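Q: Give me coordinates for this.
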Amino acid sequence: SPAGNMPAVNLVFALQQLSSFVAFLLPSLAAGSPLYFTRHPQSAVVKAGSNFQLTCEAVGTQPITYSWLQGGKELAALLVTQSRVNIEVKNGTVHFKPFLFHRKNSLFDMGEYQCIASNQDGKAFSLPAMVQSHVLSTFRHSAKYSVVAPGDMVRLYGSAAWAVPPPSSTWKMNGIALMDGDRSQRLSIFPNGVLHIKNMSSVDVGNYTLTLSNVFETKTFSKSYVASVRIGPVSSPCTVSVELPSPHVEVKMGDDATIEAVIHNTHCITGQLSVHWEKDGSMINKATTKYTHQAYSLVVRNILSTDTGNYTVVVTYDSTTLRKTALLTALIQPSVLPALAREQEVTTFSNISVTCTVSGSPMPDIVWYKNTVKVVDDGKHIRLESTNGRLRLVFESFTASDDGVYQCVASNTAGVAIGTTKLEARGVPSTSAPQLLTTTPSAPHPMMTTSSAPPPPITTTDASPPPITTTDASPPPITTTDAPPPPTTDAPPPPITTTDAPHPPTTDAPHPPIRTSNAPHTPIRTRGAHHPSVTMSDGPQLPMTTKSKASLTKAQTQKIATGCIVSCVNTLSLY
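A: Numbering: from 1, shown residues only. Below is the predicted model:
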């Protein structure tokens, strides 16, 4: 019978209500999930001809797709005709089958790679990864033949223009290996493959061989060069001079730094030669383990940030003093501190700024990007204000067109750091305090109470209701009683007027169906004892504003969902 089917009808209605609110809630929560990387691609040294892959991973609103850059260019565009490279757009992996190193055929996989993640909020890129193959290129070296005056100094050097991994160096004279400090400390061998011989004599005449070697997968690769050194007359003017081959030395934290100094034409000195070093104008104490003299050069051990400064070699002879200064910089990788907020909601048409503060040595360069595109200062809507270690991004009247994923990229010779934030316009600025819908906590809501007496019928009219407006003053609380509301009539209700402009009707919120017949409403049947009445929450209520789903905050959407679920569960429990 119809009466017997009513519990099932109400059950269906309750499930529909629950489904509607869950569908309302999920997009709002998903929209608040910012896009950022949890795994960045890693640098690697790869054997040419082997299979290799790079991976990355980002989180945010699904679905997320991935693409890759090689040397700042889209990888897919470079590999249109190469089926050996495959990009998995759904999990962020790029496969090389195989990894190649052939410049002449443009099949050159070595380089810097970046992963790009994309979703409905915008785009973000990862930290860069350098992928290289084993290399030991040709030599750059000193002259193959050197003629030196007795008592003078000679400098021999050799290095590979390109070597991966970094090579080690060994020196031999006439086939006999040389060690640092040989010949009564007259020989100095530096880690960068440089050999100094001071106070040249006949025992130093011969052929010097430098060998560079690096090891990759247990295999050793080597290249050598030979320099012939002789003693003879020198036609140059007898003028003493000081040379610093590397006037600016950059070393990573924890490594050793060598500041070379070469003194030419020492055979012209008739008196005593004295050499010492200063840091920022103060003499360096040679007795400490921090500093070591090799020939006339200085070695600084275990570089710290405090070791950055100006180092001066002071050469004194025959009542003459010569000075030369080099800058030593301890390389410190950039960092973005404090970290940027993952997401920031911005009131539409408001003026806002986001500041990126960085540290590092040397001071990093800072660039802002929106969806992987560099942000440009137009002098009006967008401005970039730079101070020492800060770059401030300023918006005049932020709008929905400015929504996106913004990244602050800080870079120097030590590395790269990225800060990511999502900016999104929400709502419009308010000129007065929002009006809150309040209830009396002790009184049960009439639509959420069960009773043995059937409720009065609910009828509607064909006439459209007038708009409801509010005043700036807070409205009186809405109270409820146990008495059922009187039935409505077919006559149109009198208009409700206020002193302010009409408020626009609310939209988007799901509403239960309205009964339009004059038949009495079927009462909610209970099994056994009456269900306890459900009262409204004592907490603050949501403002009476006309926001869409996208403009609600997470707290608001969670509150609406909680209220819906409690209501629906209470209704379901009756059956």
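
Q: count of residues packed around Pro338?
A: For Pro338, the count of nearby residues is 9 (other CB atoms under 10 Å). (C-beta placed from N, C-alpha, C; glycine too.)

Q: what's the closest non-adjacent residue to Ile284?
A: What sits nearest to Ile284 in space, not counting adjacent residues and going by CB to CB, 6 or more residues apart in numbering, is Trp277, at 4.7 Å.

Q: Could I get the buried residue list for the lengthiest strand in the chain?
A: Looking across the chain with DSSP state E, the single longest strand is strand 320-336. Using 16 or more other CB atoms under 10 Å as the test for burial, strand 320-336 gives 324, 326, 328-334, 336.

Q: helices or strands next to the next helix or strand after it in the packing?
A: Once the chain leaves strand 320-336, the next helix or strand it forms, by DSSP states H and E, is strand 343-347. When contacts are defined as 3 or more CB pairs under 8 Å, 6 or more residues apart in numbering; DSSP states H and E, strand 343-347 packs onto strand 415-426.

Q: buried residues in the strand it packs on?
A: In strand 415-426, counting by 16+ other CB under 10 Å, buried: 415-426.

Q: between that strand and strand 320-336, how many degrees?
A: 40 degrees (axes from the mean of the first three to the mean of the last three CA atoms, to 10 degrees).

Q: and strand 415-426, which strands flank it?
A: Applying DSSP bridges, strand 415-426 is found paired with strand 343-347 (parallel), strand 404-412 (antiparallel).

Q: Distance to Cys268 and mean pLDDT for those strands - can I get that in CSV?
A: Below are these laid out as CSV (distance: least, CB to CB, whole Å; pLDDT from 0 to 100):
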stretch, distance to Cys268, mean pLDDT
strand 343-347, 69, 93
strand 404-412, 43, 97
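
Q: Out of those, which one sits most buried?
A: Across the strands paired with strand 415-426, averaging neighbours per residue (mean count of other CB atoms under 10 Å) puts strand 404-412 on top, at a mean of 23.

Q: Could you list the low-pLDDT ranges of the protein?
A: For the chain, the stretches with pLDDT under 70 are 1-32, 77-82, 102-107, 236, 428-575.

Q: can you give me the helices for it?
A: All helices of the chain, identified by DSSP state H, fall at 2-31, 75-78, 182-185, 554-572.

Q: can you pull the contacts of Thr308?
A: Thr308 makes contact with 328-330, 361, according to CB atoms under 8 Å, 6 or more residues apart in numbering.

Q: and the buried residues of strand 415-426, which two are the farthest apart?
A: Using CB to CB, those reach their maximum pairwise distance at Gly415 and Arg426, which is 35.6 Å.

Q: can you pull the contacts of the residue nearest to Ile284?
A: Per CB under 8 Å, 6+ apart, neighbours of Trp277: 259, 283-284, 291, 293, 298, 311-314.

Q: Throw these into JSON lines and include distance to Val147 and neighbour count, thanks.
A: Shown next, in JSON lines, are those (distance: CB to CB, whole Å; neighbours: other CB atoms under 10 Å):
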{"residue": "Ile259", "distance to Val147": "27", "neighbour count": "22"}
{"residue": "Met283", "distance to Val147": "36", "neighbour count": "11"}
{"residue": "Ile284", "distance to Val147": "34", "neighbour count": "17"}
{"residue": "Tyr291", "distance to Val147": "34", "neighbour count": "17"}
{"residue": "His293", "distance to Val147": "27", "neighbour count": "16"}
{"residue": "Leu298", "distance to Val147": "28", "neighbour count": "24"}
{"residue": "Tyr311", "distance to Val147": "31", "neighbour count": "23"}
{"residue": "Thr312", "distance to Val147": "31", "neighbour count": "21"}
{"residue": "Val313", "distance to Val147": "26", "neighbour count": "24"}
{"residue": "Val314", "distance to Val147": "29", "neighbour count": "16"}
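
Q: Show me the strands in the stretch 251-400 of the chain, by range?
A: Using DSSP state E, counting those that start in this stretch, the strands of the stretch 251-400 of the chain run over residues 257-259, 262-264, 273-279, 282-283, 291-294, 297-300, 309-317, 320-336, 343-347, 352-361, 365-370, 373-374, 382-387, 390-395.

Q: So what pairs up with Ile263 in the strands?
A: Bridge pairing for Ile263 - DSSP bridges - gives Val242.

Q: so what's it up against?
A: Contacts of Ile263 (CB under 8 Å, 6+ apart): 153, 198, 240-243, 273, 275, 296, 315.

Q: Gly92: which of the buried residues of strand 320-336 is nearest?
A: Val336 (22.5 Å).

Q: ok, back up a step: just name the closest of the contacts of Ile263 to Glu343, please.
A: Glu243 (56.1 Å).

Q: Quick check: the closest one touching Tyr296?
A: No - Glu243 lies out of contact with Tyr296 (CB atoms under 8 Å); the separation is 10.1 Å.

Q: So what's the residue count around Ile189?
A: For Ile189, using other CB under 10 Å, the count is 20.

Q: ok, the closest residue to it other than its chain neighbours to Ala129 distance?
A: Spatial nearest neighbour of Ile189, excluding adjacent residues (CB to CB, 6+ apart): Asp180 at 4.3 Å. Separation of Asp180 from Ala129 (CB to CB, to the nearest Å) stands at 36 Å.

Q: again, but for Ser335
A: Ser335 sits 18 Å away from Ala129, going by CB to CB.

Q: go on, Val409?
A: For Val409, the distance to Ala129 equals 15 Å [CB to CB].
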